[in-house]
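>>> Need the 3D shape of this:
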Amino acid sequence: MMTPRFKECKKDIRFPVFLFTVTVIISNDILRSRKKLDRIVGYPMTKGNPQAMCTEYGPGLKCFLIFRPGADVDTFVHECWHAVFFMMNTVGVKIDHETVAHHMGYLSQQVYDFFEEQP
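Residues are numbered from 1 along each chain as shown. Down below sits the predicted model:
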């Protein structure tokens, strides 16, 4: 049995008001995609085989969301929350209902649209 060819698609989603970027990666091999980020984020992934993940990049205004193709809405909204929470904590924004709701809505819609663009 042949191993499927590694494939990933990427899209940067920018939050200009915070100078923050979320890079969304759709990958048929999450562990391989995450391993490629080890040098960038400064630490390796040590365990697991997740369906999706949010990898925070502490030194910079960036994080990475990695999903398997066909992830459901529950999965990407869950990971989007991690990204929004990290972003707000990183830039020092108070986490309140409206700010979270607007940024969650924006990021979730962008991720959903990216999934819809895939063949």
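
>>> any low-confidence regions in the protein?
Within the chain, the segments meeting pLDDT under 70 span 1-3, 46, 58-59.

>>> just so I have it, where are all the helices in this structure?
For the chain, applying DSSP state H gives helices covering 30-36, 38-41, 73-91, 97-117.

>>> packing partners for the second one?
Where contact means 3 or more C-beta pairs under 8 Å, 6 or more residues apart in numbering; DSSP states H and E, helix 38-41 is packed against strand 52-57. Backbone N, C-alpha and C define where each C-beta goes, glycine included.

>>> Tell me what angle the strand it packs on forms with helix 73-91.
Inter-element angle recorded for strand 52-57 and helix 73-91: 10 degrees (by axes from the mean of the first three to the mean of the last three C-alpha atoms, to 10 degrees).

>>> Dump the helices of the chain to TSV, plus distance to Lys62 and mean neighbour count.
Output for those, formatted as TSV (distance: least, C-beta to C-beta, whole Å; neighbours: other C-beta atoms under 10 Å):
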stretch	distance to Lys62	mean neighbour count
helix 30-36	15	17
helix 38-41	9	13
helix 73-91	9	18
helix 97-117	13	14
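
>>> can you redo those as TSV with distance to Val24?
Formatted as TSV, the helices of the chain follow (distance: least, C-beta to C-beta, whole Å):
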stretch	distance to Val24
helix 30-36	11
helix 38-41	15
helix 73-91	9
helix 97-117	6
